[in-house]
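1. Give me the fold of what follows.
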Amino acid sequence: MDELKERINSIVESLKKYPEVVAIILYGSYAKGKEKPLSDIDIAVILKDKSLEAEVSSFSSNVLDVVPFHRLPLYIKFEVLKHGKVLFLRDRKDFTNVKKRILRDYLEMSYLYKRMQRRVLSQ
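-> As a prediction, this is how the structure comes out:
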């Protein structure tokens, strides 16, 4: 486990050198404290733009899944923000704006999903 922590710290140290990195967040089973022996470690990186997408993804391995936040599905983005552990935060304002946007989008989609579900079940 110490080796994994060192690897995570190394990734955080490498990525935080880039000014485009807004935040780095641990999410999934490790963030929730529910990891199992075969669990991978999930890390999302919030970027100001998409220019570092390939660089961010290059840190992934068979044990670590490092992904640009914007590439995640909406429901995963919501889970990242709800249950994730922030490992690095450069800009609180940008981070707050991302959180607001994702929450708004999630609530809109949740409403539409429930509405469609009611319509299907009533037929």
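2. Tell me who's in contact with V22.
-> 46-48, 89-91, 94-95, 98 (Cβ atoms under 8 Å, 6 or more residues apart in numbering). To be clear about C-beta, it is placed using only N, CA and C from the backbone, and glycine gets the same treatment.
3. before we move on, what about N62?
-> N62 neighbours (Cβ under 8 Å, 6+ apart): D40.
4. so where is the chain shaky, pLDDT-wise?
-> Applying pLDDT under 70 to the chain flags residues 1.
5. what pairs with the residue positioned nearest the centre of it across the strands?
-> Nearest residue to the geometric centre of the chain (Cα atoms, centre = their mean): A44, 3.4 Å. Counting by DSSP bridges, A44 is bridged to I25, V67.
6. rewinding a little: next step: the contacts of V22 restricted to strands.
-> Here DSSP state E is the test, and these give 46-47, 89 as lying in strands.
7. what about the residue nearest to the centre of the chain, distance to S57?
-> 12 Å (Cβ to Cβ, to the nearest Å).
8. Many thanks, I have nothing further to ask.
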